[in-house]
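Chemist: Give me coordinates for this.
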Amino acid sequence: MPPKADLNKAGWEQSDFPILCETCLGPNPFVRMSKQEFGRECGTCARPFTVFRWNPGEGGRFKMTVICQTCAKIKNICQTCLLDLEFGLPVQARDTALAVRSEAPTSEINREWYAQNAEGKLAPHESLMKTGRVGSATKEMLQQLARSDPYYKRNRPHICSFFVKGQCNRGAACPYRHEMPTDKDDPMAKQNIKDRYHGRNDPVAKKILSNYAASKGLVPPDDPSVQSLFLTPLPQDATEDSIRTRVVQALPFLSPSDIRSIVHVAKTKSAFVNFTSRNAAERAAEAWANGLDWDGSIVGVKWGRSKNKTAPVASTSETVAT
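Modeler: Residues are numbered from 1 along each chain as shown. As a prediction, the model looks like this:
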């Protein structure tokens with residue numbers, strides 16, 4: 001007679017091998033892993049799961065899984081670094097390029113229930129992430145941002161805190177790096193699992209997207225009051241309502257209330273999209289670095305101008321809202 005199930009462990013996750021990217025797994029094809037069932041709580045859904053720990057290679061630090069396999073499959077990400085398995089990008093950067101919104105609950109309410117229900121819908125090696133329609137601008141953006149080769153530098157040991165204080169006596173035998181931090185206020189050091197998983201306030205993704213947008217000529221203006229983007233050329237049959245619908249669909253990570261107004265200039269086939277905050281405008285510019293896909297055509301995107309400067313189109317200068 002089989003042993004009676006432990007009701008206290010209902011919904012807890014057991015697995016035989018982790019879901020890892022090539023970088024976290026390391027260059028050594030013969031990796032020894034330790035396995036601990038229900039070793040810790042998942043960093044996102046808080047359910048106990050099987051924890052794996054291993055050394056990815058000589059000179060690297062020991063790594064371990066930090067989220068459960070269900071949460072990893074939902075987002076199609078690595079259980080350790082939380083980067084996308086296909087593109088090698090942070091969740092926020094990938095979702096911004098693909099124009100998808102996270103379905104997982106971001107609060108503690110119902111997060112465990114959601115994970116348990118999602119687990120029943122998942123087939124082996126399947127993800128719940130829905131990419132939707134991918135236009136040519138999105139494809140180009142992902143191709144240019146994606147990291148195809150492993151980046152083993154991420155596996156280096158952490159900086160030795162005793163060395164920073166001048167108190168480390170281990171010398172060359174110290175397993176940590178003897179380097180001084182380059183910048184104590186570096187935002188890259190202020191990451192957390194939940195923000196990285198849900199694709200919000202991720203400094204790594206922000207740096208990737210802002211650098212890419214700048215390379216495409218969408219450098220945010222120095223004037224912080226500029227909160228508008230200029231779209232041109234629009235289709236002949238475009239209307240203010242159709243532009244608003246298209247913009248909302250292309251920016252699922254923003255709320256419709258983040259769009260203050262849309263000024264359509266039919267004569268010049270252009271429009272100004274005015275946002276309620278500078279942050280919303282910057283996120284939209286990052287998402288549209290290669291232009292806005294519109295039924296197979298690409299609509300160009302530029303920043304609006306300050307009130308004391310000429311607008312991108314002289315005949316519509318009075319329509320600029322900043």
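
Chemist: alpha carbons only for contacts and neighbour counts from here, please
Modeler: Noted.

Chemist: For stretch 283-295, buried residues please.
Modeler: By 16 or more other C-alpha atoms under 10 Å, the buried positions in stretch 283-295 come out as 283-294.

Chemist: In space, what's closest to P56 - neighbours in sequence excluded?
Modeler: Among residues not flanking P56 along the chain, G26 sits closest, at 4.2 Å (C-alpha to C-alpha, 6 or more residues apart in numbering).

Chemist: wait, doesn't the one you found sit right on E58?
Modeler: No. The pair G26 and E58 fails to qualify as a contact (C-alpha atoms under 8 Å) at a distance of 9.4 Å.

Chemist: Looking at the two, which one has more neighbours?
Modeler: With neighbours defined as other C-alpha atoms under 10 Å, G26 and E58 compare such that G26 has more, 21 against 11.

Chemist: So for the more buried one, what pLDDT did the model give?
Modeler: Listed pLDDT for G26 reads 92.

Chemist: Need the pLDDT of G296.
Modeler: pLDDT at G296 comes out at 84.

Chemist: Tell me which residues touch the residue nearest to P56, please.
Modeler: 56-57, 152 (C-alpha atoms under 8 Å, 6 or more residues apart in numbering).

Chemist: Then F275?
Modeler: Taking C-alpha under 8 Å, 6+ apart, one finds 227-228, 258-261, 281 in contact with F275.

Chemist: For PyMOL, what selects the buried ones among these?
Modeler: Command for PyMOL that selects the buried part of these, burial taken from 16+ other C-alpha under 10 Å:
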select buried, resi 227+228+258+259+261+281
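
Chemist: Measure how buried D223 is and give me the count.
Modeler: As a burial measure, D223 scores 11 neighbours (other C-alpha under 10 Å).

Chemist: I'd say it and S306 touch.
Modeler: Yes. Judged on C-alpha under 8 Å, D223 makes contact with S306 at a distance of 6.9 Å.

Chemist: and the chain, what are its domains?
Modeler: Following automatic domain parsing, one gets these domains for the chain: 1-215, 216-319.

Chemist: need the strands for the stretch 101-250 of the chain, in chain order.
Modeler: For the stretch 101-250 of the chain, applying DSSP state E, counting those that start in this stretch gives strands covering 228-232.

Chemist: so where is it shaky, pLDDT-wise?
Modeler: Along the stretch 101-250 of the chain, segments meeting pLDDT under 70 span 105-109, 112-113, 116, 119-134, 183-189.

Chemist: cutoff 90 now
Modeler: Residue ranges of the stretch 101-250 of the chain with pLDDT under 90: 101-140, 142-143, 147-154, 158-159, 171-173, 175, 179-195, 198-201.

Chemist: quick one, helices of this structure?
Modeler: Secondary structure of the chain by DSSP state H: the helices cover 22-25, 69-75, 91-98, 111-121, 136-145, 161-164, 193-198, 203-215, 240-250, 278-287.

Chemist: Tabulate those (a markdown table), appending distance to F52.
Modeler: Converted to a markdown table, the helices of the chain look like this (distance: least, C-alpha to C-alpha, whole Å):
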| stretch | distance to F52 |
| --- | --- |
| helix 22-25 | 11 |
| helix 69-75 | 11 |
| helix 91-98 | 22 |
| helix 111-121 | 20 |
| helix 136-145 | 29 |
| helix 161-164 | 26 |
| helix 193-198 | 17 |
| helix 203-215 | 25 |
| helix 240-250 | 38 |
| helix 278-287 | 36 |
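
Chemist: Which of those helices sits closest to V299?
Modeler: Taking C-alpha to C-alpha, helix 136-145 is the member of the helices of the chain nearest to V299, at 9.7 Å.

Chemist: Just the buried positions in the closest one, please.
Modeler: 136-138, 141-142, 145.

Chemist: Kindly indicate which of the buried residues of stretch 283-295 lies nearest D241.
Modeler: Nearest to D241 among those: W294, at 14.3 Å, using C-alpha to C-alpha.

Chemist: Report how many residues lie close to the closest residue to the closest one other than its chain neighbours.
Modeler: Excluding the flanking residues, the one nearest W294 by C-alpha to C-alpha, 6+ apart is R246, at 7.9 Å. A count of neighbours around R246, defined by other C-alpha under 10 Å, yields 14.

Chemist: do the same with the one 3 residues further on
Modeler: Q249 has 14 neighbouring residues, counting by other C-alpha under 10 Å.

Chemist: export the buried residues of helix 136-145 to TSV and tack on distance to D16?
Modeler: Formatted as TSV, these follow (distance: C-alpha to C-alpha, whole Å):
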residue	distance to D16
S136	39
A137	39
T138	36
M141	36
L142	32
L145	32
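
Chemist: Enumerate every residue touching F87.
Modeler: Residues counted as contacts of F87 (C-alpha under 8 Å, 6+ apart) are 94, 142, 145-148.

Chemist: Need the per-residue pLDDT for G39.
Modeler: You'll see G39 listed with a pLDDT of 91.

Chemist: Run a quick neighbour tally on it.
Modeler: Neighbours of G39 (other C-alpha under 10 Å): 12.
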